[in-house]
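Participant: A structural model of the following input is requested.
(chains A and B)
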Amino acid sequence: MENRNAKAWLYLLPALLFLGVFMIYPLVDVVVYSLEENYESVREVYTGVGLANFSHVLRDPYFLQAVKNTFLLVVITVPLSTGLALLISLGLSSIQPLRKLYQTVYFLPYVTNTLAVGLVFMLMFQYNDSQVGLFNLLIRAFGGTPVDFIDGPYWAKMTVTCLYTVWVVMPFKILILTSALASVPQSYYNAAKIDGTSKWRTFTRITLPMISPMIFYLIITGFIGAFKAYSDEVALFGVNLNEAGMNTIVGYVYDMLYSNGGSYPSYASAAALILFAIVLTITVINLMVSRKTVHY
Amino acid sequence: MKVVLQNLTKRFPNRNKKLDDVIAVNNFNFEIPDGKLIGLLGPSGCGKSTTLNLICGLEMPTSGKIFFGEDDVTDLPPENRGVGLVFQNYALYPHMTVRQNIMFPLQNLKGKDKLSKAEMLTRAEEAAKLVQIDQLMDRKPAEMSGGQQQRVAIARALVKMPRVLLLDEPLSNLDARLRLQTREEIRRIQRNTGITTIFVTHDQEEAMSISDLIVVMKDGIIQQIDQPQKVYDDPKNLFVAKFLGTPPINVFKGKVAAGKLYLGEDAVLQVRGVSDQELWVGIRPEGFVPQQAGPLRCSLKAVEVMGRDTSVVLGNETAVSDPLRAIISSEYQVAPGTGEIRFALKPNKVFLFDLKTEERIPFQAE
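Facilitator: From the prediction side, this is the model:
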């Protein structure tokens, strides 16, 4: 028995080493950093242990702005992208001609480089002396006042960020949902048809429950993904997100580590742990809800 | 409710557009009497499921008409035909309980047919009682055995009191023991409700055992419609003779000369009224009677004792089917071993078929 245990540990060793070095050590380190007060990275000294870093971060207006931005992004884009993806998948699975073509078209954003997409969006929504974007041309054509969505008012910047995020995350959701829809056996629909079930009722009572596990999967991963948003904002507004007022929590963490020459690993760690707590809470709530509503 | 099919035809376009359409159902004409249990029987690909789908309205016929009683239902959508369909895989909604599954069709009713919640519950309860699953109303389909799921599916089909009940391969997903039990159950439910019932099967034993009438089909064409025993005793052609019966009929290539049937050199039977020709000879396994000086000589290959009967595997050079199998009553002692064994034939168990058309050639025995 002893011998077999030793063998088992031996087999586990490579994975454990890898996990230990790249997962567990950094995790512990983050917690340690976050508790070290007035840490100086150059001299590697600190004055005490406590929650001062957390209270500093929670009072930092840049962080609060980042939290607000991130939450808005999550609350708007997750339901919107999932709902739209469901609509499009339903459409895709009910048409026969050109289905393959549409599927490819809808999948394109997924394989396109984020920064390239961001640049295109920037060009489309810009409005300044040198550049009038396509979107603003349209607004002007309909008699509206052009707005600079890239360097203008907050709501405009938020709108374009949400649009961009929805556009980028939708392909994956469409892919998952079309295959989920295709895996619902035809006989359920035939049975419903013979019983004279209306289209709407067939959708709400049969289709939705049958694909509900996939929908919940998409919502949970969508929440997590949206909370981790950063590169999309950089693509649209450049690296100085604080100045643009469009920073996200992950962006704040990055700034605390690397920008302005100054490095504040303690603040970054505290912010990262706060983000972790938020994501964990939301995911647990999600799982609890899904356990109540997903039936099998 | 009687069901009448008139010149019913269904063509499917071939996927390879250069080839002809596939005719799944070719000019069907038959009438299913009210309150009977009908088995549609045939090998896979013979169009029996398509026929069922045409009757329930999931498929639209290329031409022809379908009547329920006096009503022409050909152009009606499925929900207005008043049919109940039990699917091969039952198609029970996995996220609903048995009660919810059974009530589902009732909740779809609109207008004057709309039922109150209490009425729905009573109806569901009644349907469940009929198929004896009223103890399991709060289970989910995944928590039940195949046989129980089957009953739920039947209850769901019956709860809206259909004019016609359709069953697609109702027993194919059950194990052997459950199959026997369930087919009796289907018979009982059909008798109790008196609903005209059509079921599809490829298993001849299943069709024979519970149907009032069987329809034997091949390649979209009806071969024979009759009571099971009559189809067995009086097959119209070689296909029907071969398709019915376990063990299957033994087929020989023989010839008729001067009113006598020859299998090889042996003149085995007097057959009057048949012109001299080569033909297929079908002999049911129970048509062999061992006899010391019997006219048919066979070699004995194996003896399988089954208690009541003895199954004998034979060899004969004119035989087309392999193996040849005779079922003989155990009162005849057959010594196990090999060697020659001789038989007389029961004339009513011998059928003659045209070599080309494979149609039955009638004859008079003495």
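Participant: Please, where are all the helices along the stretch 1-150 of chain A?
Facilitator: Counting by DSSP state H, counting those that start in this stretch, the stretch 1-150 of chain A has helices at residues A:2-19, A:25-35, A:52-59, A:61-94, A:99-111, A:114-125, A:134-141.
Participant: Mind putting those helices into CSV with mean neighbour count?
Facilitator: All C-beta spots, glycine's among them, are computed from the backbone N, C-alpha and C. Listed next are the helices of the stretch 1-150 of chain A as CSV, based on neighbours: other CB atoms under 10 Å in any protein chain shown:
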stretch, mean neighbour count
helix A:2-19, 10
helix A:25-35, 15
helix A:52-59, 17
helix A:61-94, 18
helix A:99-111, 13
helix A:114-125, 17
helix A:134-141, 14
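Participant: how about those helices in JSON lines, adding mean pLDDT and distance to chain B?
Facilitator: Listed next are the helices of the stretch 1-150 of chain A as JSON lines, based on pLDDT from 0 to 100; distance: least, CB to the nearest CB, whole Å:
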{"stretch": "helix A:2-19", "mean pLDDT": "89", "distance to chain B": "35"}
{"stretch": "helix A:25-35", "mean pLDDT": "90", "distance to chain B": "39"}
{"stretch": "helix A:52-59", "mean pLDDT": "88", "distance to chain B": "43"}
{"stretch": "helix A:61-94", "mean pLDDT": "92", "distance to chain B": "17"}
{"stretch": "helix A:99-111", "mean pLDDT": "84", "distance to chain B": "17"}
{"stretch": "helix A:114-125", "mean pLDDT": "83", "distance to chain B": "38"}
{"stretch": "helix A:134-141", "mean pLDDT": "82", "distance to chain B": "43"}
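Participant: what's the closest of the ones you listed to residue A:250?
Facilitator: Taking CB to CB, helix A:61-94 is the member of the helices of the stretch 1-150 of chain A nearest to residue A:250, at 8.1 Å.
Participant: angle of the closest one against helix A:52-59?
Facilitator: 70 degrees (axes from the mean of the first three to the mean of the last three CA atoms, to 10 degrees).
Participant: Quick one: list the elements packing against helix A:61-94.
Facilitator: Helix A:61-94 sits against helix A:99-111, helix A:154-182, helix A:208-227, helix A:249-258, with contacts defined as 3 or more CB pairs under 8 Å, 6 or more residues apart in numbering or on different chains; DSSP states H and E.
Participant: Now do the same contact list for residue B:285.
Facilitator: Neighbour list for residue B:285: B:245, B:247-250, B:311, B:325-327 [criterion: CB atoms under 8 Å, 6 or more residues apart in numbering or on different chains].
Participant: In its sheet, which strands sit next to whichever strand or helix holds residue B:23, and in what direction?
Facilitator: Residue B:23 is part of strand B:22-32, with elements assigned from DSSP states H and E. In the sheet, strand B:22-32 lines up against strand B:3-12 (antiparallel) (DSSP bridges).
Participant: per-residue confidence averaged over the partner strand?
Facilitator: Strand B:3-12 carries an average pLDDT of 88.
Participant: Flag every buried residue along that strand.
Facilitator: B:3-6, B:8-11 (16 or more other CB atoms under 10 Å in any protein chain shown).
Participant: got these as a markdown table, with distance to residue B:120 columns?
Facilitator: Converted to a markdown table, the buried residues of strand B:3-12 look like this (distance: CB to CB, whole Å):
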| residue | distance to residue B:120 |
| --- | --- |
| B:3 | 28 |
| B:4 | 33 |
| B:5 | 34 |
| B:6 | 37 |
| B:8 | 35 |
| B:9 | 40 |
| B:10 | 36 |
| B:11 | 41 |
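Participant: ok, and what's touching stretch B:223-243?
Facilitator: In contact with stretch B:223-243 (CB under 8 Å, 6+ apart) are residues B:30, B:39, B:41-43, B:204, B:207-209, B:211-218, B:244-245, B:248-249, B:251, B:280, B:282, B:348, B:351, B:353, B:357-360.
Participant: Quick one: residues contacting residue B:360.
Facilitator: B:235-238, B:241, B:351-354.
Participant: Any figure for the gap between it and residue B:300?
Facilitator: Residue B:360 is 30 Å from residue B:300, where distance means CB to CB, to the nearest Å.
Participant: before we move on, the earlier item: what's the most buried one of the helices and strands packed on helix A:61-94?
Facilitator: Highest mean neighbour count of the helices and strands packed on helix A:61-94: helix A:249-258, a mean of 22 (counted as mean count of other CB atoms under 10 Å in any protein chain shown).
Participant: contact partners of stretch A:56-68?
Facilitator: Here stretch A:56-68 makes contact (CB under 8 Å, 6+ apart) with A:242, A:245, A:247-249, A:251-252, A:255, A:267, A:270-271, A:274.
Participant: Quick one: residues contacting the residue of the stretch 251-366 of chain B found nearest chain A.
Facilitator: Per CB to the nearest CB, residue B:358 is where the stretch 251-366 of chain B lies closest to chain A, at 36.5 Å. By CB under 8 Å, 6+ apart, the contact set of residue B:358 is B:237-239, B:280.
Participant: and these, which two are the farthest apart?
Facilitator: Checking the contacts of residue B:358 with CB to CB, the most distant pair is B:239 and B:280, at 11.0 Å.
Participant: quick one on the thing from earlier: tell me which of the helices of the stretch 1-150 of chain A sits nearest to residue A:156.
Facilitator: Residue A:156 sits nearest to helix A:114-125 of all the helices of the stretch 1-150 of chain A, at 8.1 Å, using CB to CB.
Participant: Wait, residue A:30 touches residue A:272, no?
Facilitator: Yes - at 5.9 Å, residue A:30 counts as touching residue A:272 under the criterion of CB atoms under 8 Å.
Participant: how deep is residue A:44 tucked in, by neighbour count?
Facilitator: 8 (other CB atoms under 10 Å in any protein chain shown).
Participant: I should have written residue B:306 there, sorry.
Facilitator: Residue B:306, neighbours per other CB under 10 Å, totals 9.
Participant: Could you do the one 4 residues further on as well?
Facilitator: Under the neighbour criterion other CB under 10 Å, residue B:310 is assigned a count of 20.
Participant: And the pLDDT at it?
Facilitator: 86.
Participant: mind listing what the host helix or strand of it pairs with, with the direction of each?
Facilitator: Counting by DSSP H and E, the element that carries residue B:310 is strand B:309-315. Strands adjacent to strand B:309-315 in the sheet, as given by DSSP bridges, are strand B:296-305 (antiparallel), strand B:324-329 (antiparallel).
Participant: Which positions in that strand come out as buried?
Facilitator: Buried, per 16+ other CB under 10 Å, within strand B:309-315: B:309-310, B:312-315.
Participant: any idea which of these is closest to residue B:343?
Facilitator: residue B:314 (8.5 Å).
Participant: does that closest one really touch residue B:341, like I thought?
Facilitator: Yes - contact status for residue B:314 versus residue B:341: in contact at 7.1 Å, counting by CB under 8 Å.
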